[in-house]
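>>> test case, fold it:
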Amino acid sequence: MMDEWNWNAPYVDRRTWILDHLKDLSIDSNETLVLLLIDYFNGIGQEISQEELAAKMKVDEDTIEDCFVSLSDKGYLTTSFEHGKVVFSIDGLFHAKQESVPIQHSLMEQFEMSFGRTLSTNEMQRILHLADLYDERRVICALNEAVVYNSLSLNYVERVLVSWKQKGLTIEELENGIRERK
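Residues are numbered from 1 along each chain as shown. Modelled structure (predicted):
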């Protein structure tokens, strides 16, 4: 029944819906506040960043990142790269299934685990842009290549992607360890 609603219609008060359905959602207080702030910022057209959310909530950026990962794993939060900026969407919250099980780590999570630190908003934008240009699977292959050669930088990942594109390597070849055409 929820799928029939237009959750982006101007007459829908999404924040009230979130507060009204807290008992049905598997979210903690920090995740709740992150969702409410994202909805608020989206409503007023303000760009969203980890830094801004951390300042508003008076917590550190790691707490915000943990919320992003958890909400993303639950299917409540998605990010995309549109018109040169990262866009946060909580539409998944309104179409959530009863049980959500994360299948794999998100692209951002994989970069953070490999880099051993939290990504900046600019780095997240750049990674999403690379995923749009080259495909997420190819970006993950390039990240794995950077790990193998201990060259953990976005510049290196991008150079690898450009090189592979020039060589015309397919994603299947890359996933099978092929780096040169015969």
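>>> and the strands in the chain?
For the chain, the strands defined by DSSP state E occupy 78-82, 85-89.
>>> mean confidence for the longest helix along the chain?
Among the elements of the chain assigned as helix by DSSP state H, the one spanning the most residues is helix 29-44. Per-region confidence: helix 29-44 scores 92 on mean pLDDT.
>>> can you give the distance of it from its chain's centre?
How far helix 29-44 lies from its chain's middle: 16 Å, per Cα atoms, centre = their mean, to the nearest Å.
>>> follow-up on the earlier one: any chance of CSV for the strands of the chain, columns mean pLDDT, distance to residue 135 and mean neighbour count?
All C-beta spots, glycine's among them, are computed from the backbone N, C-alpha and C. Output for the strands of the chain, formatted as CSV (pLDDT from 0 to 100; distance: least, Cβ to Cβ, whole Å; neighbours: other Cβ atoms under 10 Å):
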stretch, mean pLDDT, distance to residue 135, mean neighbour count
strand 78-82, 83, 13, 15
strand 85-89, 86, 18, 17
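>>> which one, of these, ends up nearest to residue 162?
Residue 162 lies closest to strand 78-82 among those, at 18.2 Å (Cβ to Cβ).
>>> any low-confidence regions in the protein?
For the chain, applying pLDDT under 70 flags the ranges 1-12, 96-105, 181-182.
>>> OK, contacts around the residue most central in space within it?
What sits nearest the mean C-alpha location of the chain, by Cα atoms, centre = their mean, is residue 79, with 4.5 Å. Residue 79 sits next to 68, 72, 86, 87, 88, 89, 108, 124, 128 when contact means Cβ atoms under 8 Å, 6 or more residues apart in numbering.
>>> the last one is in contact with residue 86, isn't it?
Right, residue 128. Yes. Using Cβ atoms under 8 Å, residue 128 is in contact with residue 86, at 6.2 Å.
>>> what do those two both touch?
With Cβ under 8 Å, 6+ apart as the test, residue 128 and residue 86 both reach 79, 80.
>>> any idea how far residue 44 is from the closest residue to residue 140 other than its chain neighbours?
What sits nearest to residue 140 in space, not counting adjacent residues and going by Cβ to Cβ, 6 or more residues apart in numbering, is residue 110, at 6.3 Å. According to Cβ to Cβ, to the nearest Å, residue 110 and residue 44 sit 32 Å apart.
>>> who has more neighbours, those two?
residue 110 (18 against 6; other Cβ atoms under 10 Å).
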